[in-house]
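Q: Model the structure of this input:
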Amino acid sequence: MLYIEDVMAYEVLDSRGNPTLKTQVTLSDGSVGKAIVPSGASTGSKEALELRDKDDRFFGKGVLKAISNVNESIAENIIGLDAFNQTQLDESLRELDGTKNYSNLGANATLGVSMANARAVAKSLNIPLYRYLGGANASILPVPMCNIINGGAHANNNVDFQEFMIMPYGFTSFKEALRSVCEIYAVLKGELASLGHSTALGDEGGFAPNLANNTEPLDLLMTCIKKAGYEKQIKLALDVASTELFKDGKYHLENKSLSSDELIDRYVELCAKYPIVSIEDGLAENDYEGWIKLTQKLGDKIQLVGDDLFVTNEEILRDGISKKMANAVLIKPNQIGTITQTMKTVRLAQRNNYKCIMSHRSGESEDDFIADFAVALNTGQIKTGALARGERTAKYNRLLEIELENDEYLGEKL
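A: Take a look at the predicted model:
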């Protein structure tokens, strides 16, 4: 049996300069796996708990408590476990914590251990991480959803919608699909500069200009797509992050207060005018009646993604499926706490014909785990930011490596 011989964690920095955990698992054959846990800014209220110190260090954002949990109680309980049995490891972490949302150990502590163990086993077997986690079924390179204009909680500007994304279609290779969005990104930078806008970047590497409303970014993107010569091969996607806009029963954007019905009508208008194929968090996480109406209106036309709505939680997703809310789920491992729980959520979605999008967080690192994870689970789509900043390009570059190893690109059809 290959067993877990040692576990440790220590503080490192994420892409916003905040502390996070780097966890290391050593196996009995000397194989070592390491993982860095990301952190979100726009978070759903039902996400698993990210344990922060809340003291004087780093304005309370230190993670020494979570690190102590890894180095002491978690290590004490998992050293000696079968490293190949990821399910047993992850269940042990859940039982040790004893809560639904990891409020004792911290989901950042448990996820770091879970990820590092999977990586250590893959190294021991001398196979890629995606092959270990996905087996022979790992065969689909994901379509990138590239966030090239940032707004909302990810940028210091006056744009309400959080992400304006472009998605490539009809390409025969991942590298060519990626080239198209890189070229559009470059054209967008020049266009913004020529219009006198800032080309400063938001948290996820997209540009963060001050624009008049939430349609001006869409018009800009359409102009740049045409200038780059990809008019027939690029679609648009939005992450509204509308929970951030919801207060006192209304959605507050563009100096207006809108009801759920009025906001849904706004989306219908936008989809009629622009080639939008996906809207994420179009309504607030607790606006269940609105979500049902939105799905009835647009669910057979475009992808409606639940992020704050589902928080990668199998139980919450099952309830949403029964109520016919949305038709896709965003997958963020740190919302739920372990690799096994993440995989269960993906499988539930896929069994019920809900699309899955593997996703980064706004506070990221050079760790490229989710690139392999997206291929392992055949999610078909991935969100990992713009074509800038090393913590974002690390994931794209890993997918380019995976393509070289497999010499194929299938992608997802919406």
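Q: Per-residue pLDDT of residue 151, please?
A: pLDDT, residue 151: 84.
Q: got the phi/psi numbers for the spatially most central residue of the chain?
A: In the chain, the residue lying closest to the centroid (C-alpha atoms, centre = their mean) is residue 359, at 1.7 Å. Per-residue torsions, residue 359: phi -140, psi 140 (degrees, to the nearest 10).
Q: all strands of the stretch 151-300 of the chain, in order?
A: Here the stretch 151-300 of the chain has its strands, by DSSP state E, counting those that start in this stretch, at 163-168, 234-239, 246-247, 250-253, 256-258, 276-280.
Q: which residues touch the fourth one?
A: The set of residues external to strand 250-253 that reach it, using C-beta atoms under 8 Å, 6 or more residues apart in numbering, is 160-161, 214, 242, 245-246, 257-260, 262-263, 283-284. For glycine as for every other residue, the C-beta is placed from the backbone atoms N, C-alpha and C.
Q: what does the last one give?
A: Judged by C-beta under 8 Å, 6+ apart, the contacts made with strand 276-280 from elsewhere in the structure are 145, 163, 165, 167, 235-241, 267, 270-271, 298, 302-307, 328, 330, 357, 414.
Q: can you count the residues close to the nearest residue to residue 48 once chain neighbours are set aside?
A: Leaving aside its chain neighbours, residue 48 sits nearest to residue 107 (3.5 Å; criterion: C-beta to C-beta, 6 or more residues apart in numbering). Residue 107 sits with 27 neighbouring residues when counted by other C-beta atoms under 10 Å.
Q: Verify the contact between residue 107 and residue 339 for me.
A: No. Using C-beta atoms under 8 Å, residue 107 is not in contact with residue 339; the gap is 12.0 Å.
Q: my guess is residue 207 contacts residue 189, does it?
A: Yes. At 6.8 Å, residue 207 counts as touching residue 189 under the criterion of C-beta under 8 Å.
Q: More neighbours: which of those two?
A: A side-by-side neighbour count of residue 207 and residue 189, using other C-beta under 10 Å, places residue 207 first with 27 against 17.
Q: If that one is in a bridge, with which residues?
A: For residue 207, the beta-bridge partners under DSSP bridges are residue 149, residue 201.
Q: check contacts around it.
A: Residue 207 neighbours (C-beta under 8 Å, 6+ apart): 148-150, 188-189, 192, 197-201, 386.
Q: What does the pLDDT read for it?
A: For residue 207, the predicted pLDDT is 94.
Q: how about the helices of the stretch 251-400 of the chain, start to end?
A: 260-273, 288-298, 314-322, 339-351, 369-376, 390-406 (DSSP state H, counting those that start in this stretch).
Q: got the CA positions of the fifth one in CSV?
A: Output in CSV follows, covering the C-alpha atoms of helix 369-376 (Å, rounded to 0.1, in the frame of the first residue of the first chain):
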residue,chain,number,x,y,z
PHE,A,369,-4.6,22.2,-10.9
ILE,A,370,-7.9,23.2,-12.4
ALA,A,371,-6.6,22.9,-16.0
ASP,A,372,-6.0,19.2,-15.4
PHE,A,373,-9.2,18.9,-13.4
ALA,A,374,-11.3,20.4,-16.3
VAL,A,375,-9.9,17.7,-18.7
ALA,A,376,-10.2,14.9,-16.1
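Q: Could you rank the contacts of strand 250-253 by neighbour count and give me the top one?
A: residue 283 (31 neighbours).
Q: Just the residues contacting stretch 123-135, thanks.
A: 2, 27, 29, 31-33, 83, 118-119, 121-122, 138, 339, 343, 369, 371-373, 375-378, 402, 405.
Q: starting at the chain centroid, how far to that stretch?
A: Centroid separation for stretch 123-135 versus its chain: 22 Å, with C-alpha atoms, centre = their mean, to the nearest Å.
Q: Okay, now that stretch: how far is its last residue from its first?
A: Using C-alpha to C-alpha, to the nearest Å, the span of stretch 123-135 from its first residue to its last is 15 Å.
Q: What residues of that stretch count as buried?
A: 123-124, 128-134 (16 or more other C-beta atoms under 10 Å).
Q: Need phi/psi at residue 119.
A: Dihedral angles (degrees, to the nearest 10) for residue 119: phi -70, psi -40.
Q: The lengthiest helix in the chain vs strand 234-239, what angle?
A: Ranked by residue count, the top helix of the chain under DSSP state H comes out as helix 174-194. With axes from the mean of the first three to the mean of the last three C-alpha atoms, to 10 degrees defining the directions, helix 174-194 sits at 70 degrees from strand 234-239.
Q: Counting neighbours, which bits of helix 174-194 end up buried?
A: Those would be 174, 177-178, 180-185, 187-189, 191-192, for helix 174-194 by 16+ other C-beta under 10 Å.
Q: Can you pull out the residues in contact with it?
A: By C-beta under 8 Å, 6+ apart, helix 174-194 touches 141, 143-144, 146, 148-149, 166, 168, 171, 198-199, 207, 209, 220-221, 223-225, 227-228, 230, 233-234, 386-388, 396, 399-400, 403, 409, 411.
Q: Can you select the buried ones among those residues for me in PyMOL?
A: Selection of buried members from the contacts of helix 174-194 for PyMOL, criterion 16+ other C-beta under 10 Å:
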select buried, resi 141+143+144+146+148+149+166+168+171+207+209+220+221+224+225+228+230+233+234+386+387+388+396+399+400+403+409+411
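Q: Just the terminal-to-terminal distance for stretch 294-313.
A: First-to-last residue span, stretch 294-313, C-alpha to C-alpha: 21 Å.
Q: can you check stretch 160-175 too?
A: End-to-end for stretch 160-175, by C-alpha to C-alpha: 32 Å.
Q: Over to stretch 78-90?
A: Using C-alpha to C-alpha, the distance between the terminal residues of stretch 78-90 is 10 Å.
Q: what's in contact with that stretch?
A: 1-7, 25, 27-28, 92-93, 110, 113-114, 117-118, 120-121, 124, 338-341.
Q: So which of the residues you listed sit within helices?
A: 92-93, 110, 113-114, 117-118, 120-121, 124, 339-341.
Q: In CSV, list those along with distance to residue 101 and pLDDT.
A: Formatted as CSV, the ones in helices among the contacts of stretch 78-90 follow (distance: C-beta to C-beta, whole Å; pLDDT from 0 to 100):
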residue, distance to residue 101, pLDDT
92, 17, 98
93, 13, 98
110, 11, 98
113, 17, 98
114, 15, 98
117, 21, 98
118, 22, 98
120, 26, 98
121, 27, 98
124, 32, 98
339, 17, 98
340, 16, 98
341, 11, 98
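Q: From those, pick the one nearest residue 44.
A: residue 341 (15.3 Å; C-beta to C-beta).
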